[in-house]
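Visitor: Provided below for reference: sequence and predicted model.
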Amino acid sequence: MLPLSENSKIAGLTSFVPPVGMRNPHLQTILSSLEIRTLGQKQLDREAREILVDAGGGVRLLGFYTGQKSGSSRGLILLLHGWEGGSDSTYIMTTGGFLYRKGYDIFRLNFRDHGDSHHLNEGLFNSSLIEETHRAVQNIADRGGTLPFFVVGFSLGGNFAMRMALRHGPYPIRNLRHVFAVSPVLDPRKSTDAMDRGLFVYRSYFVKKWKRSLRKKQSLFPHRYNFDDLMECQTLMEITNRILPRYSPYPTAEEYFQTYTLTGRNFSELSVPLLVLTAADDPIIPVEDFREVKGNHHLRVHVERHGGHCGFLRNYRLQSWIPDFIHHTLLHSA
């Protein structure tokens with residue numbers, strides 16, 4: 001088991017200490033998603049180039065690339081959003097904008113059926129689709145040529161990032177130097193239950209977004225999908241239990257969740273540095289789960305007392321500490 005108190009130390013990094021009035025984990029979590037936080041980050045969008053990425057098997061994923069105007073770059077950073085997020089999610093835009101200004105090229109990738117990409121593939125997204133995501137990331141890294149390549153994933157994107165770090169040995173990603181997982185989902189069953197049974201705002205937010213995504217998919221492929229009865233569901237587990245037997249290879253939620261559960265997973269075969277950032281007060285991901293993750297010297301788990309889920313807002317201007325954390329690590333691991 002990981003001794004979190006020891007593995008969470010990063011040389012020269014000041015701990016995250018939010019103002020007293022912003023220490024509530026729900027406040028951290030909810031405020032971090034406010035679109036107002038993206039003001040000043042529009043340069044990332046204005047200068048981005050839309051790219052369709054080959055993910056193998058005829059699958060295409062939508063991404064946005066923003067390169068340094070000077071042509072000189074410190075490296076290429078791939079950002080992976082969370083479930084029902086996208087390449088324009090607030091945490092993606094703020095982190096990407098910060099690191100772009102620090103001299104890195106930025107690639108923001110959408111998972112299947114996220115962002116404006118529902119039309120690209122007839123098949124429906126599910127979180128077990130690590131092979132297509134890994135293949136897409138390999139192709140993105142190849143575009144970077146000789147540049148150092150880094151992966152940063154948030155929430156479910158953090159889960160994908162951790163699985164790609166595990167797969168890097170047998171299925172190498174060109175010039176991959178470091179993988180970051182911010183508030184990663186480790187036990188999807190627990191996370192689903194936490195969203196369903198926690199504050200109503202979490203369940204309402206994700207149920208609404210998931211239904212909107214399903215309606216869009218049905219309108220594009222009416223010959224294949226009919227989600228009408230799912231629109232009456234009130235919880236994420238209700239939708240999950242109904243949709244899996246009909247539109248996935250997994251007859252039960254237990255079998256499906258097991259495909260991307262990372263609690264108890266052995267990371268002793270890691271061949272690339274993997275740094276996990278989480279908060280002890282995360283209302284969606286229990287911090288205790290990180291003690292069950294075994295690994296070698298490449299794995300570090302950094303636990304802060306406060307931060308909520310993908311929050312880590314360090315002041316009343318709603319500026320995030322996450323980009324500073326990533327940049328600091330990149331500078332000291334070069």
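Guide: Okay, I see it.
Visitor: pLDDT wise, what is residue 38 at?
Guide: In this prediction, residue 38 carries a pLDDT score of 82.
Visitor: mind checking how far it is from residue 209?
Guide: 18 Å (CB to CB, to the nearest Å). C-beta: built from backbone N, CA, C; applies to glycine.
Visitor: neighbour count winner among those two?
Guide: In terms of neighbours (other CB atoms under 10 Å), residue 38 is the more surrounded of residue 38 and residue 209; the figures are 19 against 13.
Visitor: pretty sure the more buried one is in contact with residue 87, am I right?
Guide: No. Contact criterion CB atoms under 8 Å: residue 38 and residue 87 do not qualify, at 12.0 Å.
Visitor: how far away is residue 300 from residue 281?
Guide: 20 Å.
Visitor: where does the stretch 101-250 of the chain dip in pLDDT?
Guide: Scanning the stretch 101-250 of the chain for pLDDT under 70 picks out no residues.
Visitor: Quick check: which helices or strands does the longest helix seen in the chain pack against?
Guide: Determined from DSSP state H, the single longest helix within the chain is helix 200-220. Contact analysis of helix 200-220 by 3 or more CB pairs under 8 Å, 6 or more residues apart in numbering; DSSP states H and E lists helix 188-197, helix 236-247 as its packing neighbours.
Visitor: Make CSV out of the ones you listed and add mean neighbour count.
Guide: Shown next, in CSV, are these (neighbours: other CB atoms under 10 Å):
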stretch, mean neighbour count
helix 188-197, 19
helix 236-247, 17
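Visitor: Export the ones you listed as TSV, with columns for distance to residue 61.
Guide: Output for the helices and strands packed on helix 200-220, formatted as TSV (distance: least, CB to CB, whole Å):
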stretch	distance to residue 61
helix 188-197	21
helix 236-247	19
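Visitor: What are the boundaries of the helices in the protein?
Guide: Counting by DSSP H, the helices of the chain are 4-7, 25-31, 42-46, 90-101, 130-143, 156-167, 188-197, 200-220, 236-247, 253-258, 322-333.
Visitor: Give the buried residues for the fourth one.
Guide: Neighbour counts over helix 90-101 (16 or more other CB atoms under 10 Å) mark 90, 91, 92, 93, 94, 95, 96, 97, 98, 99, 100 as buried.
Visitor: quick one: that helix to helix 322-333, angle?
Guide: Helix 90-101 runs at 40 degrees relative to helix 322-333, counting by axes from the mean of the first three to the mean of the last three CA atoms, to 10 degrees.
Visitor: All set, thanks.
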